[in-house]
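K.L.:
Pasting a predicted model and its sequence here:
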Amino acid sequence: MEMRRSGERRWQDNGSSLRGGEDGTGSYQWLGHRMQNITGDRGVLKEIIRDGSGETVPPDSSVLVKFSGYLEHTDRPFDTNWFKKNPKLMKLGEDITLRGLEVGLLTMRKGELARFLFKPNYAFGTLGCPPLIPPNSTVLFEVELLDFLDSAESDRFFDLPPEQQDRFPLEKIIKVAETEREFGNYLFRQTRFMDAKERYKRASSVLNRICAKETEKDKVDAARLLVFLNLSFVCLKLERPDRALAYGEKALELDKKNAKALFRCGQACLYLTEYERAREFLVKAQKEQPFNQDINNELKKLASCYRDYMEKEKEMCCKMFAPLNSHSSKANLEESGCAEEN
């Protein structure tokens, strides 16, 4: 399979293009004969191009996919997001409404690349979707599953009142928090920092309500640590170094030698021009990870900022005391003149 930058696709399967010939070679009917029937009625047919790994997509998940949809005998997609740098996270049943595509996604694993044929009753029906899709069209979709988040349990959890949420087993609560954190990470990668922060805060609120037993404390603290680190980083992106520092220090309460927490605190202090504290945090971070390039670069940045700061302070002091020095020199000259007259 070759994807072209123009949006065209041309497959060579046993020497035949999917445009189709007079004998039907290369047509969707010919292609369908070697595809897996995943619905039992041949309404959705599948061929795996590249295997994925892990579990299949659960119902009601949110998925990150690349896709292209084609009509028969065409090489240009009628719909595609294949060349978008940051595809949108889509929820099954809400953002993805094409019946065949949802059925197909539920059979896929992370990293899998597959092609599907959807008969009209699993695609656009008897009416089609004018002007792009004619009536009763069988369509072909190429789909790559980049990632998915099993958000169903998380969504159900937040629909419940707090007293019912508190009755959930610890493992499920931690899983809900992790799902929220993963959502936040996705939004962060999309540079939607405020939305990411809200997801991280939801995860934090869930974890902070847990009254863990002594034997469970380490597990809860490990989950909280990751959320505090995320919150610290996103606050830096939102230019809130005071909050970034506060979350970084909360992370250090859980793990005082955590290099990432020390690094975030150092970054926040540098942003706040608290150079001595910044150096203290960054030197500690460097001690934990001596060869971390980000930490070493931040120390160089700190040295440069501090040097500029001292030069500006010196320049300001010179300007402040210049009138006094001038006045003092003038007074000395006057005194000297008076002495000569005497």
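P.N.:
Cool, got the structure.
K.L.:
any low-confidence regions in the stretch 101-250 of the chain?
P.N.:
For the stretch 101-250 of the chain, no stretch has pLDDT under 70.
K.L.:
the helices in it, which residues?
P.N.:
Using DSSP state H, counting those that start in this stretch, the helices of the stretch 101-250 of the chain run over 152-159, 162-165, 170-189, 193-208, 217-237, 241-254.
K.L.:
Can you lay out the ones you listed as CSV showing distance to residue 125 and mean neighbour count?
P.N.:
(Each C-beta comes from the backbone N, C-alpha and C, glycine too.) Putting those into CSV (distance: least, CB to CB, whole Å; neighbours: other CB atoms under 10 Å) gives the following:
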stretch, distance to residue 125, mean neighbour count
helix 152-159, 27, 15
helix 162-165, 41, 10
helix 170-189, 32, 19
helix 193-208, 35, 20
helix 217-237, 43, 20
helix 241-254, 51, 20
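K.L.:
residue ranges for the strands of this structure, please.
P.N.:
Taking DSSP state E to define them, one finds strands in the chain at 2-3, 9-10, 12-13, 16-17, 36-37, 44-50, 53-56, 62-71, 79-80, 89-91, 109-110, 113-118, 139-149.
K.L.:
quick one: residue 153 and residue 179 touch, right?
P.N.:
Yes. The criterion here is CB atoms under 8 Å, and residue 153 meets it with residue 179 at 7.3 Å.
K.L.:
so who does the spatially most central residue of the chain touch?
P.N.:
Ranked by distance to the mean C-alpha position of the chain (CA atoms, centre = their mean), the top residue is residue 186 at 2.5 Å. Contacts here follow CB atoms under 8 Å, 6 or more residues apart in numbering; on that basis residue 186 touches 64, 89, 147, 149.
K.L.:
List only buried entries from those.
P.N.:
By neighbour count, with 16 or more other CB atoms under 10 Å, the contacts of residue 186 hold 64, 89, 149 as buried.
K.L.:
need these in a markdown table with distance to residue 295, can you?
P.N.:
Output for these, formatted as a markdown table (distance: CB to CB, whole Å):
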| residue | distance to residue 295 |
| --- | --- |
| 64 | 31 |
| 89 | 32 |
| 149 | 31 |
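K.L.:
Touching, residue 138 and residue 122? I think so.
P.N.:
No. If you go by CB under 8 Å, residue 138 and residue 122 don't touch, sitting 9.2 Å apart.
K.L.:
Same drill for these two, tell me which one is more crowded.
P.N.:
Neighbour tally, residue 138 and residue 122, criterion other CB atoms under 10 Å: the higher count belongs to residue 122, 24 against 20.
K.L.:
Hmm, residue 116 and that one touching each other?
P.N.:
No. Contact criterion CB under 8 Å: residue 122 and residue 116 do not qualify, at 9.1 Å.
K.L.:
quick one: common contacting residues for those two?
P.N.:
Common neighbours of residue 122 and residue 116 (criterion: CB under 8 Å, 6+ apart): 44, 100.
K.L.:
ok, for residue 170, nearest residue in space, not its chain neighbours?
P.N.:
Distance criterion CB to CB, 6 or more residues apart in numbering; nearest residue to residue 170, sequence neighbours excluded, is residue 216 at 5.7 Å.
K.L.:
Distance check, that neighbour against residue 100.
P.N.:
44 Å (CB to CB, to the nearest Å).
K.L.:
Who has more neighbours out of the two?
P.N.:
Legend: neighbour count by other CB under 10 Å for residue 216 and residue 100, higher for residue 100 (24 against 14).
K.L.:
How confident was the prediction at the more buried one?
P.N.:
With respect to pLDDT, residue 100 scores 96.
K.L.:
Distance of it relative to residue 42?
P.N.:
12 Å.
K.L.:
do residue 170 as well
P.N.:
Look at residue 170 and residue 42: by CB to CB, they are 46 Å apart.
K.L.:
Right, I'll call it a day here.
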